[in-house]
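K.L.:
have a look at this prediction, sequence included:
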Amino acid sequence: MNTTNKTVIFGGSFDPVTAAHIGITERLAERFDRVIVMPCKISPFKTRTGATAEMRLEMLSTALKHVPSVEVSTYELESKGTNYTYLTLERFACENLYFAVGSEMIAELDKWKRTDIIRSLATLYVVPRPSYPLDRTLTEKLRRVTGGRYEIADFTGGDGSSSEVRISVAMEKPDMFLTPGIAAYITEKGLYGEYAYVRGVYARFGMKQSRIDHSFSAALCGVKLAKRACVDVAKATTALLLHDVGKYVTKEQAEAMGVNFDGRIDGMPLPVRHAEIGAEILAQILGITDAEIIEAVRWHTTGRPRMTPLEKIVYLADYIEPLRNFDGVGRIRAATEKSIDDGLKAALENSVWYIGGDIYPATLEAYEYYCKHQGE
C-alpha cells in the first residue's frame, strides 16, 4: 500500500484501550503518514462508560507513546452532544482520508448517521478481527453503504473488546486482553467491575470451578455472537454468566430459598430442570427483572421454536464455547461461522441425533421449526 500523504482516523470508546487496540494502531502507523486516535465522548451505540474521559486519555497516552506518527485527539471528547462519525470526518477533511474500523462494526454500518457524507469524505479501512468474518452478506452491506469506497486491511487485528475486558475482570483475569500496564491501572482504579458480583452468586449457589470456567468461556463466546447478530451485548453477558446458576440447586433447595415453581418443573428431566431453576433464581432471588434475560436462561439447554435473537445467542454460545469438546462441535462451529442461524440449526440437529428417542419435546419442536423456518 502506498503511504504517501495518507491520514487515517481510528475511533472508538477505548474504554479501556486493549492490547488489540494497541496492535491495530501500531499496524496503522506502518501504513499511514498520520494516525489520529479518536476517543469518543458518547458513542451512539454505547450507553455506559467505565472510565472518565481523563482516565481514557491517560491510558491511551501511556499505551501509545512508543508508536510514531500517532496523535491522540480530544476533538470528540470536547465536542457537545452525541458524536457521529460524519461530523468528525467533516472536521478533519483532507485528501486521502481514511477511517479505520474493525470488521465487528460492519453489522451495524447501515445504522450510522449520514453515510452519504462519510463516503464522500473518506475511505473506510476495514480491519478483519477474529470471529467477525466478512461473509457475503456483510461484504454486500459494506459495498452498498460505502458506495464501494472501502479497503480491507492487509493484516488482522487482535482479539479482545471492552465487553470482553469486563468479563475477564469479573473473573479476576484483568490482563487477559490488556497490556500489563493497563491491567495494573484499571485494578488500581477499580474500573470495569460491573459483573464482579457474579463471583458471589457462584459461591452462594455452589457452582463448581469447572462450571464457572464454562460460564466464563460461554460469555466470551456470546459477546462475539451478539455483536455479529446486533444483539444487546450486556444482556447476552448477564445471561451467559448466570445461565448455569441453577446447575447444582435442587428443587427442594430452591423452594427453601423462597422460589415458587407453580408445578412447572414436576416431571421435568434432571438435565433440563437446572435451566428452569436458574431462570427462577434470577427472577425471584437475584431480582433480575429483564424478561428477555430470564427467558434466555430458561431455554438455554433445550431451545424452542421462535427463539428471540438473545435466546439464540445464549443457546449457541453455551453449545459451542471453546471448552466444549464433543464429536461434531467443529462442524457446528463451522456452521456458525457462516451464520448464527446455520449454527443454531446444526446444534439442534446434533442434539436430536445424539439424544434420539429421549429428546426433550421443546428441542425436537425447535429443530422441526427451524428446518422449515430458518432465519426467523
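P.N.:
Alright, I've got the coordinates. Numbers count the residues shown, from 1 in each chain.
K.L.:
I figured Thr146 hits Ala122, correct?
P.N.:
No. Taking Cβ atoms under 8 Å as the definition, Thr146 is not a contact partner of Ala122, at 9.4 Å. Just so you know, the C-beta spots here come from the backbone N, C-alpha and C atoms, and that holds for glycine as well.
K.L.:
got the domain ranges for the protein?
P.N.:
Here the domain parsing of the chain from automatic domain parsing is 7-160, 197-372.
K.L.:
pLDDT value on Gly328, please?
P.N.:
At Gly328, the pLDDT value in this model is 94.
K.L.:
what sits against it?
P.N.:
Gly328 is in contact with 350, 354, counting by Cβ atoms under 8 Å, 6 or more residues apart in numbering.
K.L.:
picking that back up, distance to Arg166 added to the domains of the chain, as a markdown table?
P.N.:
Converted to a markdown table, these look like this (distance: least, Cβ to Cβ, whole Å):
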| stretch | distance to Arg166 |
| --- | --- |
| domain 7-160 | 7 |
| domain 197-372 | 7 |
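K.L.:
which one of those domains lies closest to Glu188?
P.N.:
Glu188 lies closest, by Cβ to Cβ, to one member of the domains of the chain: domain 7-160, at 10.8 Å.
K.L.:
give me phi/psi at the residue lying closest to Met59 once chain neighbours are set aside?
P.N.:
Nearest-residue entry for Met59: Val17, 4.9 Å, with adjacent residues in sequence omitted and distances by Cβ to Cβ, 6 or more residues apart in numbering. As for Val17, its main-chain torsions (degrees, to the nearest 10) stand at phi -80, psi 120.
K.L.:
neighbours of Val17, how many?
P.N.:
Other residues near Val17 number 30, with proximity taken as other Cβ atoms under 10 Å.
K.L.:
measure it to Ser162 for me?
P.N.:
When Cβ to Cβ, to the nearest Å is the yardstick, Val17 and Ser162 sit 9 Å from each other.
K.L.:
likewise for Ala183?
P.N.:
Summarising the geometry, the distance separating Ala183 from Ser162, computed by Cβ to Cβ, is 14 Å.
K.L.:
likewise Tyr319?
P.N.:
As judged by Cβ to Cβ, Tyr319 and Ser162 stand 25 Å apart.
K.L.:
which elements pack onto the stretch of helix or strand Ala184 belongs to?
P.N.:
With secondary structure defined by DSSP states H and E, Ala184 is part of helix 180-189. If contacts are counted by 3 or more Cβ pairs under 8 Å, 6 or more residues apart in numbering; DSSP states H and E, helix 180-189 sits against helix 53-64.
K.L.:
list the contacts of the helix it packs on.
P.N.:
Residues beyond helix 53-64 that count as contacts (Cβ under 8 Å, 6+ apart) turn out to be 13-17, 21-22, 25, 37, 39, 41, 51, 70, 72, 74, 77, 179, 181-182, 185, 189, 191.
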